[in-house]
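In: Return a 3D structure for these sequence lines:
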Amino acid sequence: MIGSLPMLRGLSGFSRDWLKSDIPAGLSIAAVGLPSAIAYPAIAGLPPETGIYASIVAPIAYAIFGPSRLLVVGPDAATMTVLAAAMGTIVAAYPAGTPVDRVAIAAALALGVGICCIAAKLLRLGVLASFLSRPILVGFFAGVSLSILVGQIGRFTGVKIESDGLVPPLVEIAGKSGLIHWPSLLLGLAMFALLWLVRAFQLKIPGPVLVVVLSVVLSAIFDFQGRGIAVVGDIPSGLPSFSLPALHQMPLDKIILGSAAIFLVSFGAGIVAARSFGSRTGEEVDANQELIGLGAANIAPGLFGSFPISVSDSRTAINLSTGGVSQAAGLVSAATLIAALVFLHSALRILPIPALAAILAMAAISLIDVHELRKIWRISRMEFIFALIAMWGAISFGVLNGVIVAVAATLVYLLRQTMFPRDGLLGRIEGRHGFFDLARHPEARPVDGAAVFAVQGSILFYNADYIRNRLTSVARNLPAETRCLVLDASAITHIDSTGATALEAVAEILAKRNVTFAVADLSEESRGILSRAGVIRTIGPDNIFNGREEALRALIGNYDQTVTTSAGTTSAGSTV
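Out: Here you go, the predicted model:
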């Protein structure tokens, strides 16, 4: 037992009959996963076997500790891009000329991500999965995809690209056009076109599998390596071995920061994918429970010379479409990749690099969710702007700094949503029960001798002045016969000390106008804050009421809370 999560939950109730579904599903997952497992490490400058190792040990760890029956973990393009940026920062911290073990750095980051997951589970911070909103993630991944696409220029052309960013590599390849290895470029474009055709015609065979098989066959027939086309090269045929990265030789501060950035993006995107699949299957996704499974699935690659992983949407989709019913499918996939590593390493070594570039380019394009961007544009122009900000951050400042921009954009978005809470004066509609916003319902009329003002949202330090100004403005425009202003606090979730000071100022302004300030339906927590701040003493304990109706009956004396409709029924509630 780890925390409240039993082990082998994804295999609970296992029956041998499940193997009829899980074995074909596992073979399909391995077939789809092998090309990406070989291709994705190139994004971070890692050898291809590290992707295979991650695709073996991570699903095994998740099958033991993960809560889901159907989710499949593995390398994904977005996580690899953030990993590449984090590794670039760490490598830059080493003194010039110092030998750098990139695999060890990647493994250390995987351990760091796993530890972040476990720590977040212990602190019950699964809510972090929702910290990067869907529009922010969509925009960020669109920016990441452009970074991946630009990163494939060198692999497509056979030209070494030394500049970073979005535009500089394009300028560099233009200046080095005479060095382009045209057979490599033509092969890469042909494989990319093949992937596009497979997607366009929705062929049953996965495009990456077709590209790998075809390019390996062509490489063997035409000796691509002898003709100057780069190939993967030697891949170790043995199983991954246990090893601990030498953390004491690394800049730990940058390892920690890099791990946190990778964790935030991979976990946030992974839970979005998990919930998307869960909505299709009816499987509940608990972010706090998933933290244990994803933590173990990242620690395992860190202990076996690999890199951080996340929930793989492509592998999970294959698992669902082929009828997988438990984590046995992930274990079958791992066993299949072990067999491929042992028996197919000689074939994989002649896999041409331009073919891998085509797979990565298509994966990058799949990260650009045009449909979702259009949907965001249709729903909310403001959220679309924040999606563009996140995309711009990933492109302009690099992927790692883009994470910071995405987080900052999320914070700004959250603050904007809460800085100006909805509010309004309430009135009554003849023949109907309850209160209605006077601005939204022209037929509503204010209560004679009283004003009822509702605020929907907390009153905190960053919006207290706005609420105070709104209430002050209402107070200045009250009719002369108004005897009381009732603040409907039923939708106010929290008031801090600054908010309490703001309400005290309103009470003092109203007192000078001989208008009673009352508060209705105040939560116990907010009541305690106002009491300790002395605001209730200023307002008067007798002017704190359980509800609007009680306040109006006490303050103006002739309020009738029940109004019967012409049909003899009543309708309740208030609308702001």
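In: only C-alpha atoms for contact and neighbour calcs from this point on.
Out: OK.
In: where does the protein dip in pLDDT?
Out: 1-6, 130-131, 558-576 (pLDDT under 70).
In: Quick one: the strands in it, in order.
Out: Counting by DSSP state E, one finds strands in the chain at the ranges 73-74, 310-311, 422-427, 435-437, 450-456, 484-488, 516-520, 544-545, 574-575.
In: Report the angle between the longest one and strand 516-520.
Out: This points to strand 450-456. Interaxial angle, strand 450-456 versus strand 516-520 (axes from the mean of the first three to the mean of the last three C-alpha atoms, to 10 degrees): 40 degrees.
In: quick revisit: of all the strands of the chain, which gets the most neighbours per residue?
Out: With neighbours taken as mean count of other C-alpha atoms under 10 Å, these reach their highest mean count in strand 73-74, at a mean of 30.
In: what does that strand rub up against?
Out: 54, 55, 58, 59, 62, 297, 309, 310, 311, 312, 315, 316 (C-alpha atoms under 8 Å, 6 or more residues apart in numbering).
In: can we see that at 7 Å?
Out: Residues from elsewhere that reach strand 73-74, judged by C-alpha atoms under 7 Å, 6 or more residues apart in numbering: 54, 55, 58, 59, 309, 310, 311, 312.
In: Then stretch 52-64?
Out: Contacts for stretch 52-64 (C-alpha under 7 Å, 6+ apart): 7-8, 10, 34, 37-38, 72-75, 240, 293-294, 296-298, 300-301, 306-307, 327, 330-331, 334, 337.
In: In this structure, which helix is the longest?
Out: Longest helix in the chain, counting residues (DSSP state H): helix 252-281.
In: what packs against it?
Out: With contacts taken as 3 or more C-alpha pairs under 7 Å, 6 or more residues apart in numbering; DSSP states H and E, helix 252-281 sits against helix 77-92, helix 102-122, strand 310-311.
In: If we use 6 Å, what do you get?
Out: Other elements packing on helix 252-281 under the criterion 3 or more C-alpha pairs under 6 Å, 6 or more residues apart in numbering; DSSP states H and E are helix 102-122, strand 310-311.
In: closest to residue 497 out of these?
Out: With C-alpha to C-alpha as the criterion, residue 497 lies closest to helix 102-122 of those, at 29.6 Å.
In: tell me the angle that closest one makes with helix 252-281.
Out: Counting by the same axes, to 10 degrees, helix 102-122 lies at 60 degrees to helix 252-281.
In: list the buried ones in helix 102-122?
Out: Using 16 or more other C-alpha atoms under 10 Å as the test for burial, helix 102-122 gives 102-118, 120-121.
In: Likewise for stretch 268-283?
Out: Result for stretch 268-283 [16+ other C-alpha under 10 Å]: buried residues 268, 269, 270, 271, 272, 273, 274, 275, 277, 278.
In: Am I right that the third one is in contact with residue 311?
Out: Yes - when contacts are counted by C-alpha atoms under 6 Å, residue 270 is listed as touching residue 311 (4.8 Å).
In: Now list whatever residues contact both of the two.
Out: With C-alpha atoms under 6 Å, 6 or more residues apart in numbering applied, the contact sets of residue 270 and residue 311 do not overlap.
In: Neighbours of the nearest residue to residue 331 once chain neighbours are set aside, how many?
Out: Leaving aside its sequence neighbours, residue 331 sits nearest to residue 60 (C-alpha to C-alpha, 6 or more residues apart in numbering; 5.9 Å). Using other C-alpha atoms under 10 Å, residue 60 has 24 neighbouring residues.
In: separation between residue 60 and residue 405?
Out: Noted for residue 60: a distance of 35 Å to residue 405, by C-alpha to C-alpha, to the nearest Å.
In: Next: residue 271.
Out: Remark: distance between residue 271 and residue 405 (C-alpha to C-alpha) = 20 Å.
In: how close does residue 464 sit to residue 504?
Out: 11 Å.
In: My error: substitute residue 473 in the last question.
Out: Per C-alpha to C-alpha, residue 473 is found 15 Å from residue 504.
In: what's the answer for residue 549, then?
Out: Distance, residue 549 to residue 504, by C-alpha to C-alpha: 23 Å.
In: For these two, indicate the residue with more neighbours.
Out: Neighbour comparison, residue 549 and residue 504: the larger count goes to residue 504, with 22 against 16 (by other C-alpha under 10 Å).
In: show me what contacts the more buried one?
Out: residue 535.
In: now do residue 281
Out: By C-alpha under 6 Å, 6+ apart, the contact list for residue 281 is empty.
In: tell me, how many neighbours does residue 165 end up with?
Out: Counted with other C-alpha under 10 Å, residue 165 comes out at 17.
In: swap that for residue 476, sorry
Out: Look at residue 476: counted by other C-alpha under 10 Å, it has 12 neighbours.
In: Then residue 457?
Out: Other residues close to residue 457 by other C-alpha under 10 Å number 21.
In: which one is it nearest to, not counting chain neighbours?
Out: Leaving aside its chain neighbours, residue 457 sits nearest to residue 492 (4.9 Å; criterion: C-alpha to C-alpha, 6+ apart).
In: Next up, the contacts around that neighbour.
Out: By C-alpha under 6 Å, 6+ apart, the contact set of residue 492 is 456, 457, 458.
In: now, which of the residues you listed sits nearest residue 29?
Out: Nearest to residue 29 among those is residue 457, at 46.9 Å by C-alpha to C-alpha.
In: From residue 488, how far off is the closest one?
Out: Separation of residue 457 from residue 488 (C-alpha to C-alpha): 11 Å.
In: ditto for residue 109
Out: Note on residue 109: its distance to residue 488, by C-alpha to C-alpha, is 51 Å.
In: where along the stretch 451-576 of the chain do the helices fall?
Out: With DSSP state H, counting those that start in this stretch, the ranges of helices along the stretch 451-576 of the chain come out as 464-476, 497-512, 524-532, 535-539, 548-556.
In: again, but for the stretch 201-350 of the chain
Out: 207-222, 252-281, 287-303, 313-321, 328-343, 345-348.
In: Quick one: closest of those to residue 421.
Out: Shortest distance between residue 421 and the helices of the stretch 201-350 of the chain, using C-alpha to C-alpha, is found for helix 252-281: 27.0 Å.
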